[in-house]
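1. okay, sequence plus prediction incoming.
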Protein chains: 2
Amino acid sequence: MAAFLMAVFFASMTDREVSALTERMVASGETIDLSSVPGVKVDKHSTGGVGDKTSLIAAPLAAAAGVVVPMISGRALGHTGGTLDKLESIPGFRTNLTVDEFRAQLAKLKLAFMGQTPQVAPADGKLYALRDSTATVESIPLIASSIMSKKLAEGMDALVLDVKVGSGAFMKRQVDARRLAQMMVGIGRRLDKRVQALITDMNQPLGFAIGNALEVMEVSQTLQNAGPTDLTRLSLELAARMIYLGKVAPTLEEARELAQKKLLDGSGYRKFKEVIAAQGGNPQVLDRFELLPNATGAREITSPRAGYISAIDAAYIGQASSMIGAGRDMKEDAIDPAVGVILEVKIGQKVDAGGVLCRLYYTNDANVEEAAQLVEDAFRISGSAPEERELILEVVG
Amino acid sequence: MAAFLMAVFFASMTDREVSALTERMVASGETIDLSSVPGVKVDKHSTGGVGDKTSLIAAPLAAAAGVVVPMISGRALGHTGGTLDKLESIPGFRTNLTVDEFRAQLAKLKLAFMGQTPQVAPADGKLYALRDSTATVESIPLIASSIMSKKLAEGMDALVLDVKVGSGAFMKRQVDARRLAQMMVGIGRRLDKRVQALITDMNQPLGFAIGNALEVMEVSQTLQNAGPTDLTRLSLELAARMIYLGKVAPTLEEARELAQKKLLDGSGYRKFKEVIAAQGGNPQVLDRFELLPNATGAREITSPRAGYISAIDAAYIGQASSMIGAGRDMKEDAIDPAVGVILEVKIGQKVDAGGVLCRLYYTNDANVEEAAQLVEDAFRISGSAPEERELILEVVG
C-alpha cells in the first residue's frame, strides 16, 4: 500500500481509477442512510483555509431556504481551522450526535452539525496515516479520494466544494486546485452525485477573525448582514450553489436571490440559533459575545511604515493563531477557544506608520512573542496599491 | 521501504544517493576479506543473458595471465542462465566452498568459483523481495546498488561488468544499459574500486549453446580456440579488461595480446581443468563430453522458407530452454543440466527452406511441443541480409 501511494504520488490516477479507489474507500466502512429524511441533501466542504467560517453562514442560509444540509465536519489541524472546533467554542454545543439524533434534527430543522465517526470510510484514516509517513499527503488524487469517500459515505445527494488556493491553502497553485476540483467533480459524476466546486483565493485570511470564538462572533455579524465583504460574498455564493443543487431554486440566479433574501430577512441567523439550541448550546452567544470564551490578553501589531497592504500571508497568520492555542499541530492537542487574531486591515488598504495591522488575543503568555513576530512577518507593505484580486477564481462542474 | 523503492522507481537517484545506498547495503552483512591473498583481485559480472558462458572462459584466461579472480556467481532465473548451474553440470563440482576454502584456492590457483552466501549484503535479498512485490525490480539505481553491493562485499579490488542490452536482456534499450553501466562505474569510483563496463548486444544468444552441460561443452571448445566467433571475441575482451584492471599488463593493448596468448597456448584451458579438479569435479569432461549429462531426446526446428536469419529472439530461446528444464521460474525449482538448445544458425546467415535452425535437447517430453513452438517463433527469416550488428556496443569507465 505504501508503494501504491508513492506510485500515485508520481504517476497520478485517471478519473476512472480515482473513482474506483473512492468507491472502495466508501465500501470499507458504514454509510449513513439519510433516505428517510425528505428533500435533497446537500453538503458543503472546504479544503481548509484560514479564517474560513463560511460553513457556519452558508449552511444556515441554505437550510433556511429549504435545503437539507447534513454538515459532517472536521477539526483544526496545522494552520487551518475546523468547523467542529468553532462550534464547540459555544458553551454546551454538542457535536457528537448519534446518527439517529443527526437524522431527527435534519428532519426537523434541515440542518445539523456532527463530527466524522470512525465507522465512516475507515480506509481513509489508515491511508492518511500511511500518506503521512510516506510523504504522499500532497498527491491530488489521494486528496480527492479522501475527501470524496467521506462525503459519499455520509448520505449526501449533492455537494458544494470550496477549493482554496494560495499561500494559506494546501494548494499553492491554481492549476493544482483546478485539477483537484475536476477530480472531485468527476468522482461525483461517476457516482451520480451533483458536485460543483468553487476555486477561491486564500492568499489572505477570509474575513477579519481567525480563532474559534472570534470566528463565531464574526459569523453572527455576517448572518446579520454586518460582516466583512469577502466573507459575506463567498458565503452567499456557496449558499446559492447549495440552494441550486438542492433544487429549491430552478436557476442559479434565483438561488442567489433566495440566499440573499435569507440573509437580509434574518432567517439564516434565526436558523443558526435554532440549531445551536437543538445541539445543546446557548443561542444567546450570537447576541452577547461576553457569553463566549474571551481572551485575557491582547497585543497590537503595528505597521513599521506607511503604505498599502500588498500581502497578508494566511499561512503565517494561521500558524501564529495555532501557536497561541487556537489550533493544533497534532490531532491530540487541546485548543483554546478564546484566542486568535483579528485583522484590522485587508489587502489593498492604506495604512499609516504605526497604524494597527491586527490584534493578537491570548490567554497565556507562552509563544506570544513568537506568534507576534510571525504575524508581523505576514504583512507586506508596498508603496503603491496592489492589483485587485478576485475572491472566486473559477467554478468547476 | 516499499514507498522508498517506488519513489526511486519514479524519481531515480543521483550518483551520490545510489552510492550511499550501496554502502549501507554492503554494511548490512559480512564482507569477505581477501587481503591475505596476494595480487589485485578482479571480478567479472554479467547482468544476465542467454547462452552467456563468458565467465567460464574469461576467468580462466585472466587467471592464467596472473590475475586473481574471485568468482562469486549466481544461478539461473527466468530466461537467463547462471554460472553456478553451468558449473554444477560437471559431475562432482562443488560450488558451496567455505570462505576459507575459497581464499586458499585463490592463493593457489588464482581462480575459484563459489555461490553467494546469505551473510553477504543481506539487505539486498530483502530489498529484492520487496522490489518484486512492488513491481520496482526494473529500476536502474535499484539494479545498480543490488549488483554493486554484492560485488563490493566480496572483497574485489576491480570489476569488469558486462551489461547486456537487447531482446534477451533485462535492459531492452541501450540508453538504459548505459545509465546502468554509468551508475555502477560511478559507485565503484566513489568507493575506490576500478570498474569498467562493456555494453554488449543480447539480441541473439551468445554462441550456439544454451543449457548448462551444453554450454560447458562450448566453453571447452572455445578455450581450445574452436568456439563460436562472437563468444570468443567477447570472452577475450572481458579477459583483457580483467588483465588490464588487474595491473598484469600496463596497457589495454598488451592485456589483449596476453589474453589472446593464453587462449592460443592452451593455458586458459588448463587453468579451467585445474579449477574443476580443485573443486571436486572431473576435468576429463572437457575432453570427453559423454561424461557430462546428456539429453535423451532431440528435436530439429527447421526453417519454413529460404532467406536470411534477421532476428533470433534471445528471450524466447531462453524461455524455451528454461521450459524444458534448463532454467527455473522460481528460485526453488530444480534444473536439468543435460537439456537445452543448440543453434545451427546465427543472425545474417542464409538458410534454405527446411534447413535446420536449431535443435532442442530434452530428457522429458513435457513442454517440448510448447518449447519448440516458442523457439520457432524466435527466428525471423527475411528476403535480404540484415545489417551487421556490433557485439560490443560501448565501453563505460
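-> Arrived safely, thanks for sending. Residues are numbered from 1 along each chain as shown, chains lettered A, B, ... in the order given.
2. which segments of chain A make up each domain?
-> A:2-286, A:295-382 (automatic domain parsing).
3. ok, which of those comes nearest chain B?
-> For chain B, the closest of the domains of chain A is domain A:2-286, at 3.5 Å, according to C-beta to the nearest C-beta. Yep, even glycine has a C-beta here, placed from its N, CA and C like the rest.
4. that closest one and chain B, are they touching?
-> Yes - using C-beta under 8 Å from any C-beta of the partner chain, domain A:2-286 reaches chain B at A:2, A:3, A:4, A:5, A:6, A:7, A:9, A:10, A:11, A:134, A:135, A:136.
5. highest mean neighbour count out of the domains of chain A?
-> Of all the domains of chain A, domain A:2-286 has the most neighbours on average by mean count of other C-beta atoms under 10 Å in any protein chain shown, namely a mean of 21.
6. end to end on it, go ahead and measure it.
-> By C-alpha to C-alpha, to the nearest Å, the extent of domain A:2-286 from end to end equals 47 Å.
7. mind listing the helices for the stretch 51-200 of chain A?
-> With DSSP state H, counting those that start in this stretch, the ranges of helices along the stretch 51-200 of chain A come out as A:55-65, A:83-88, A:99-109, A:122-134, A:140-153, A:174-190.
8. re the thing from before, now mean pLDDT too, for the domains of chain A, in a markdown table please.
-> Output for the domains of chain A, formatted as a markdown table (pLDDT from 0 to 100):
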| stretch | mean pLDDT |
| --- | --- |
| domain A:2-286 | 95 |
| domain A:295-382 | 94 |
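9. of all those domains, which one is nearest residue B:216?
-> Across the domains of chain A, the minimum distance to residue B:216, taken as C-beta to C-beta, is reached by domain A:2-286, at 40.8 Å.
10. strands along chain A, start to end?
-> Taking DSSP state E as the criterion, chain A carries its strands at A:42-46, A:69-73, A:111-115, A:158-165, A:194-201, A:209-210, A:297-302, A:307-312, A:340-343, A:350-351, A:356-362, A:379-382, A:392-396.
11. circling back: mind putting the domains of chain A in JSON lines, distance to residue B:119 included?
-> Conversion of the domains of chain A to JSON lines gives the following (distance: least, C-beta to C-beta, whole Å):
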{"stretch": "domain A:2-286", "distance to residue B:119": "28"}
{"stretch": "domain A:295-382", "distance to residue B:119": "42"}
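12. out of the ones you listed, nearest to residue B:360?
-> Among the domains of chain A, domain A:2-286 comes nearest to residue B:360, with 39.7 Å by C-beta to C-beta.
13. for the closest one, the distance to its chain's centre please.
-> Its chain's C-alpha centre and that of domain A:2-286 lie 7 Å apart, by C-alpha atoms, centre = their mean, to the nearest Å.
14. before we move on, the earlier item: so which of the domains of chain A is nearest residue B:361?
-> Here domain A:2-286 is closest among the domains of chain A (C-beta to C-beta), at 41.7 Å.
15. excluding its backbone neighbours, what's nearest residue A:371?
-> Spatially, and ignoring its direct neighbours in sequence, residue A:371 is nearest to residue A:320 (4.0 Å; C-beta to C-beta, 6 or more residues apart in numbering or on different chains).
16. check contacts around the one you found.
-> If you count contacts by C-beta atoms under 8 Å, 6 or more residues apart in numbering or on different chains, residue A:320 has them with A:341, A:360, A:371, A:372, A:374, A:375, A:378.
17. in helices only, show me those.
-> Of those, the ones assigned to helices by DSSP state H are A:371, A:372, A:374, A:375, A:378.
18. which of these lies closest to residue B:252?
-> residue A:374 (64.1 Å).
19. OK, contacts around that closest one?
-> Contacts of residue A:374 (C-beta under 8 Å, 6+ apart): A:316, A:319, A:320, A:323.
20. next step: these restricted to helices.
-> A:316, A:319, A:320, A:323.
21. how about a markdown table for those residues, with distance to residue A:143 added?
-> Formatted as a markdown table, the ones in helices among the contacts of residue A:374 follow (distance: C-beta to C-beta, whole Å):
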| residue | distance to residue A:143 |
| --- | --- |
| A:316 | 23 |
| A:319 | 21 |
| A:320 | 25 |
| A:323 | 25 |
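22. ok, residue A:350 to residue A:216 distance?
-> 30 Å (C-beta to C-beta, to the nearest Å).
23. in this structure residue A:102 contacts residue A:70, no?
-> Yes - with contact defined as C-beta atoms under 8 Å, residue A:102 counts as touching residue A:70 (7.0 Å).
24. quick check: neighbours shared by those two?
-> A:32, A:112.
25. re the thing from before, of the domains of chain A, which is nearest residue B:393?
-> Nearest to residue B:393 among the domains of chain A is domain A:2-286; the distance by C-beta to C-beta comes to 30.6 Å.
26. who touches the nearest residue to residue A:62 once chain neighbours are set aside in this structure?
-> Excluding the flanking residues, the one nearest residue A:62 by C-beta to C-beta, 6+ apart is residue A:242, at 3.9 Å. Residue A:242 makes contact with A:42, A:44, A:58, A:59, A:62, A:67, A:69, A:158, A:160 under the criterion C-beta under 8 Å, 6+ apart.
27. returning to that earlier point: let's have the ones in helices among the contacts of residue A:320 in a markdown table, adding distance to residue B:198.
-> Converted to a markdown table, the ones in helices among the contacts of residue A:320 look like this (distance: C-beta to C-beta, whole Å):
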| residue | distance to residue B:198 |
| --- | --- |
| A:371 | 63 |
| A:372 | 66 |
| A:374 | 59 |
| A:375 | 64 |
| A:378 | 60 |
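28. from those, which is closest to residue B:34?
-> Minimum distance to residue B:34 across those is 59.5 Å, recorded for residue A:374 (C-beta to C-beta).
29. which non-adjacent residue is nearest that closest one?
-> Per C-beta to C-beta, 6+ apart, closest to residue A:374 is residue A:320, 4.2 Å.
30. relative to residue A:327, how far out is that neighbour?
-> Distance of residue A:320 to residue A:327, given as C-beta to C-beta: 10 Å.
31. again, but for residue A:50
-> Residue A:50 is 10 Å from residue A:327, by C-beta to C-beta.
32. over to residue A:377?
-> Distance from residue A:377 to residue A:327, counting by C-beta to C-beta: 18 Å.
33. again with residue A:355
-> Distance from residue A:355 to residue A:327, by C-beta to C-beta: 27 Å.
34. next: residue A:135.
-> Distance, residue A:135 to residue A:327, using C-beta to C-beta: 22 Å.
35. OK, contacts around residue A:384?
-> Contacts of residue A:384 by C-beta under 8 Å, 6+ apart are residue A:308.
36. and for residue A:241?
-> Contacts for residue A:241 (C-beta under 8 Å, 6+ apart) come out as A:160, A:196, A:198, A:252, A:255.
37. bridge partners for the first one, pull those for me.
-> For residue A:160, the beta-bridge assignment (DSSP bridges) gives partners residue A:44, residue A:196.
38. ok, it - contacts?
-> So residue A:160 contacts A:42-45, A:58, A:195-198, A:238, A:241-242, A:245 (C-beta under 8 Å, 6+ apart).
39. same list, the residues you listed, but as JSON lines with distance to residue B:81 please.
-> As requested, the contacts of residue A:160 are exported to JSON lines (distance: C-beta to C-beta, whole Å):
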{"residue": "A:42", "distance to residue B:81": "66"}
{"residue": "A:43", "distance to residue B:81": "62"}
{"residue": "A:44", "distance to residue B:81": "64"}
{"residue": "A:45", "distance to residue B:81": "59"}
{"residue": "A:58", "distance to residue B:81": "69"}
{"residue": "A:195", "distance to residue B:81": "57"}
{"residue": "A:196", "distance to residue B:81": "61"}
{"residue": "A:197", "distance to residue B:81": "57"}
{"residue": "A:198", "distance to residue B:81": "62"}
{"residue": "A:238", "distance to residue B:81": "67"}
{"residue": "A:241", "distance to residue B:81": "66"}
{"residue": "A:242", "distance to residue B:81": "68"}
{"residue": "A:245", "distance to residue B:81": "65"}
